[in-house]
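Asks: Everything below, folded, please.
(chains A and B)
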Amino acid sequence: MESFSEYFHTPLDPARWAALAGVPVALIALYFLKLKRRPERVPSTLLWRRSMEDLHVNSLFQRLRRNLLLFLQLLIIFLAMFALAGPRSKGFFNERQKYVIVIDNSASMSATDAGKTRLELAKAEARKVVDGMNASDLAMIISFNDRAKVEASYTSNKSVLRGAIERVAASEGSTSPREALEVAAGLANPSRQFEEGTVATAEVPPKLVMLTDGGFDDVEGFSLGNLQASIVVVGKPPRATRKAEADNPPPVEGKPLPNPSDNVAIAALQTRRDDEKTDRFQIFGRIHNYREESASIEAKLYKHDSAKPTSPGSLLDAIALEIAAQADQSFKFDLPGSGAAEFEVRIDVKDAQPLDNRAFAVVSEPRRSKVLIVSSGDRYLIDTLKTPVTLQEADFTVVKPEEYDKSPVDRQVAGGEFDWIIYENFRPKQAPEADALYFGAFPPGAVYDNPKSLEHPVILDWDTTHPLMQFIRDLSTVFIQKAKGIEPPPGTTPLIGSNLGTLAFVVPRSGYRDVVVSFPLVEGTEFNTNWPLKISFPLFLYNCLNVLGDPTTNASDRVHVPGRPVILRVGSLVDRIEVTAPDGSRSTVKRSTQGTFIYNQADRSGIYYVNRGENDREAFAVNLFDPRESDIATRGLVPEGVPAAEAERYRIKIGYNPVEGKRIGTTRERSEWWPWLAAGALAIVMLEWYIYNKKVYI
Amino acid sequence: MAVAEAPLLDPEFLAKLERLEIVSRKIFLGRMKGERKSKRRGSSVEFADHRNYVAGDDIRHIDWNVYGRLDKLFIKLFLEEEDLHFHLLVDSSLSMDFGSPTKLRYAKQVAAALAFVGLVCHDRVVVESFSTALGKPTPSVRGRSQMRRVIDHLESIEADGGSDLTAAAKEFAIKHPQKGVVVVVSDFLDKRGYESALRYLLARDLDIYAIQVLSREEVEPELTGDLRLVDCEDDDVAEITMSAPLLERYKRTLDGFTGGLKDWCSKRGITYIFTTNQNPFDRLVLNYLRERGLVR
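Replies: Predicted structure coming up:
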């Protein structure tokens, strides 16, 4: 292959060569098949037959041998094929140009503001880039939403590339080009081998062509290296800036002018228990109007039937809403009935982005939560938890630390039977299959292994915006004798801060949350802190019960985003569950080693039904709810009329380098002349053949 | 080929016939009606030769004077004076409908000219056409005044059907037991062969003249390319790719065919004349036929 490419530089791929090789074969076949034999009436065939009698013996080859014309035609064709093979002398060798074509297939690319969907336009643009490639050029195709996927690795086979472009499917994911850029930049790295025999060298810097609508934040802290980036912005370009706006730049430095787009989106949807009638639920939602003018729309509430996952649902309620330009509008539906049900809100509006005109919510059956308390008998903790209100919502089990590792508690913990486990001055050997709250102890794990002792820390601030810290006001009056301090691991949300460091924090752990309070409540029989005596202590525990131990905060109530894995927790001891997607397709999910079920196929928004066995159903909703995807205004193009000094703010920045966006359609197809010349040569041969055989005289 | 042709009786043709009449008068100057001498030996008053008596000969013809002198039996042979039956057989098969002028028209012209000569010489002239079988003949006519009938009959002959020389010759031989002259004007391109046909005629003790008419296209084909040749008579198909060697081979085959016919005829006393439709018929009749002895 290597020696071949030194001497030949063919613009054709093997499939076309195969087709071309058929031309001489077809030409000979035409002679053999006598397709063009002209009938001629003669007085008698007597003499002709006699003349041919001895010619018949080897007539096929006789016919070929005598046919000078055929040989001339074959000669022309072989010469043309040789010319197409691109022979050249060794030593003069153009470096291959490499392209990295990155196609955005996030939810906003489904917008139809420019006629077709943006993804189709982007794919058409990508095909133009591929068509414009030289035969020896290499290209790769990467699609991305919040994750990147290499659709085709470096190849010069255009049909493979076109197929890969065709395979890029619209998704409902959010947009994050970082991963795609990292892949591209990694491939621009010199002397890396991509496929057998193809080594990319850095002599010609690869060209990055990104086809996107710019619906992402600037990529910071990233270096393009020697990638030559160009961004083609797909979608409706921003309108020209009016004179008045150009003269008065927007007040926020460095931010572009708001750019209206033709979209009305459901931005949020949530179910809540009615405050007055606690057995009833309400659905709250928020609709955002991205248009330049106000929109009057109708929001409709549909109820879905779990027996018919693919049906559109039955209409329950509707309200008319008037939403001002570029503004939010909230709405509320009171739900009838109290049982578990699945709902959809649709807004009747014709806009360019249909994906966010639907939102889904699930009301699940209330269930008592199960709480395990591992304590050597702290009366304050246990009694504060067991109030009449909490006992209505949860069952409490108290075990001594020495009983924790023994049957049946260890099995129950490992099987995920508890929703919430409280460890007081006890550090389990393994993380439990539940949310956990630690008092004076740390979760298992190396990062917590060597805490330092803190004496008399003074609480300075606490995060009252966190759901766990709601209504907590009096922590400034809490005194602490001793505490343990560690450097909180990454991903931690601090809850209580002191002069000596963080005293309480929340850290996520594979679908669960650990809440760590790093000071013990009691030391032996002595108080270590006066917190249990303060009003904030029962409030904190109650918040914990609602947030951590709340069984309703299982799959159904969490916000799930398309394209992300959904972690399902199932109390019962089944090994596999079945999930029905909104399109009716079913898939079976096995229990993971952590005891949870991880469903990876929630790629579309809608209601997913989980079948956990006999009459044990659950549902969860997957919603887009991404302002970046709903705001379908394109970014990266400088509107006409913007002064050069102001243009910078409109550009997409990749690693501090603003990249000028190109409008769609500006990618010029490089025109190749040789196919027309080759076709002309072929046509002349055919014409000559016709003229000769038909005796056409001019 | 079947274009509207000028009638046989066009002024030019008639003028040619007139010239022919003068010439034939010259030829036959001083001869009496019905005075045509046949090559055949027969019974008449004009002595021709002697020959040995063989058993079965008519003893009335024994020359007793010679017997008296030589004591051997000789038969006196006389030149036969005949009331000559002059038959013109014109091939009207479809294969004759080719060329410019068509071979059929050329054959008709030749037949008309010969008939004219025959009528002028007061022979009994019968014109018949044949394709797969013998067509309707003219009545046996004599005298110049009947020329019109002959020409009318010739005009009415249309090319039709395949050629079956043998069947036509057999039918002719059965219908016409008497002696005479028969002129066959045909292309002789019969896939079944011409031999048996001519044998039927030979068996009748006739003076046979075979005039083979071929068109220029048959002698010098101008075909090129890949062709599917369709026989106009039996739709037989021959697929050929024209090339110089094939053309050469064709000409050789044609020479072989005509030469074979000529040899076959010469061996059996049949006068064979080859012509193409490019050869003016009057010249054929006057020069060529005279050379061959058909007219004197």
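
Asks: near chain B, anything from the helix or strand harbouring residue A:78?
Replies: Counting by DSSP states H and E, the element that carries residue A:78 is helix A:68-84. No. Helix A:68-84 stays clear of chain B (CB under 8 Å from any CB of the partner chain), getting no nearer than 8.9 Å. C-beta here means a position set from N, CA and C on the backbone, and glycine is covered the same way.

Asks: So which bits of the stretch 151-296 of chain B are right by chain A?
Replies: Contact residues, the stretch 151-296 of chain B versus chain A (CB under 8 Å from any CB): B:187, B:189-191, B:215, B:218, B:223-233, B:236-241, B:243, B:245-246, B:249-250, B:252-254, B:257.

Asks: Now, these that are in strands?
Replies: Among these, the ones falling in strands (DSSP state E) are B:226, B:227, B:228, B:229, B:230, B:231, B:237, B:238, B:239, B:240, B:241.

Asks: Ranking by neighbours, what's the top pick from these?
Replies: residue B:240 (25 neighbours; other CB atoms under 10 Å in any protein chain shown).

Asks: Which pLDDT value belongs to that one?
Replies: Residue B:240 is assigned 81 on the pLDDT scale.

Asks: got a list of what it touches?
Replies: Contacts were defined as CB atoms under 8 Å, 6 or more residues apart in numbering or on different chains; by that measure residue B:240 touches A:48, A:52, B:223, B:226, B:227, B:229, B:246.

Asks: could I get the residues you listed as JSON lines with pLDDT?
Replies: Shown next, in JSON lines, are those (pLDDT from 0 to 100):
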{"residue": "A:48", "pLDDT": "85"}
{"residue": "A:52", "pLDDT": "77"}
{"residue": "B:223", "pLDDT": "83"}
{"residue": "B:226", "pLDDT": "75"}
{"residue": "B:227", "pLDDT": "82"}
{"residue": "B:229", "pLDDT": "87"}
{"residue": "B:246", "pLDDT": "83"}
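
Asks: Go through those and name the one nearest residue A:626.
Replies: For those, the closest approach to residue A:626 (CB to CB) belongs to residue B:226, at 70.8 Å.

Asks: On the strand side of things, show who that closest one bridges to.
Replies: residue B:241 (DSSP bridges).

Asks: follow-up on the earlier one: now, which of the ones in strands among the residues of the stretch 151-296 of chain B next to chain A sits nearest residue A:362?
Replies: Nearest to residue A:362 among those, counting by CB to CB, is residue B:226 at 78.1 Å.

Asks: wait, isn't the closest one in contact with residue B:241?
Replies: Yes. With contacts counted by CB atoms under 8 Å, residue B:226 reaches residue B:241, the gap being 4.8 Å.

Asks: And chain B, what are its domain boundaries?
Replies: The record assigns chain B these domain ranges, following automatic domain parsing: B:11-31+B:83-221+B:272-292, B:38-81.

Asks: what is the rounded mean pLDDT of the shortest one?
Replies: So that's domain B:38-81. Confidence for domain B:38-81, expressed as mean pLDDT, is 77.

Asks: cool, stretch A:307-317 as well?
Replies: pLDDT averaged over stretch A:307-317 gives 83.

Asks: Buried residues, it. List them.
Replies: In terms of neighbour count (16 or more other CB atoms under 10 Å in any protein chain shown), stretch A:307-317 has its buried residues at A:309, A:313, A:317.

Asks: Can I get those residues in CSV including secondary structure?
Replies: Listed next are these as CSV, based on DSSP: H, G, I helix; E, B strand; the rest coil:
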residue, secondary structure
A:309, coil
A:313, coil
A:317, strand
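
Asks: which one of those residues is nearest chain B?
Replies: residue A:309 (68.0 Å; CB to the nearest CB).

Asks: Next one: the closest one from residue A:506, what distance?
Replies: Using CB to CB, to the nearest Å, residue A:309 is found at 35 Å from residue A:506.

Asks: ok, now residue A:682?
Replies: Separation of residue A:682 from residue A:506 (CB to CB): 73 Å.

Asks: In terms of packing, which of those two has more residues around it?
Replies: Comparing residue A:682 with residue A:506 by other CB under 10 Å, the one with more neighbours is residue A:506, at 23 against 15.

Asks: pretty sure the more buried one contacts residue A:496?
Replies: No. With contact defined as CB under 8 Å, residue A:506 does not count as touching residue A:496 (10.7 Å).

Asks: who are the neighbours in contact with the closest residue in space to residue B:180 that isn't next to it in sequence?
Replies: In this structure, residue B:180 finds its nearest non-sequential neighbour in residue B:85, 3.1 Å apart by CB to CB, 6 or more residues apart in numbering or on different chains. By CB under 8 Å, 6+ apart, the contact list for residue B:85 reads B:123, B:124, B:126, B:140, B:176, B:178, B:179, B:180, B:181.

Asks: Check residue B:228 too.
Replies: Counting by CB under 8 Å, 6+ apart, residue B:228 has contacts A:34, A:37, A:38, A:39, A:40, B:237, B:238, B:239.

Asks: ok, these vs residue A:563, which is closest?
Replies: Proximity of the contacts of residue B:228 to residue A:563 (CB to CB) peaks at residue A:34, which lies at 62.0 Å.

Asks: Could you check the pLDDT of the closest one?
Replies: 52.

Asks: swap in the one 3 residues further on?
Replies: Note for residue A:37: predicted pLDDT of 72.

Asks: Just give me the neighbour total for it.
Replies: Taking other CB under 10 Å as the definition, residue A:37 ends up with a neighbour count of 18.

Asks: Does it touch residue B:226 like I think?
Replies: Yes. Assessed by CB under 8 Å, residue A:37 is found in contact with residue B:226 at 4.8 Å.
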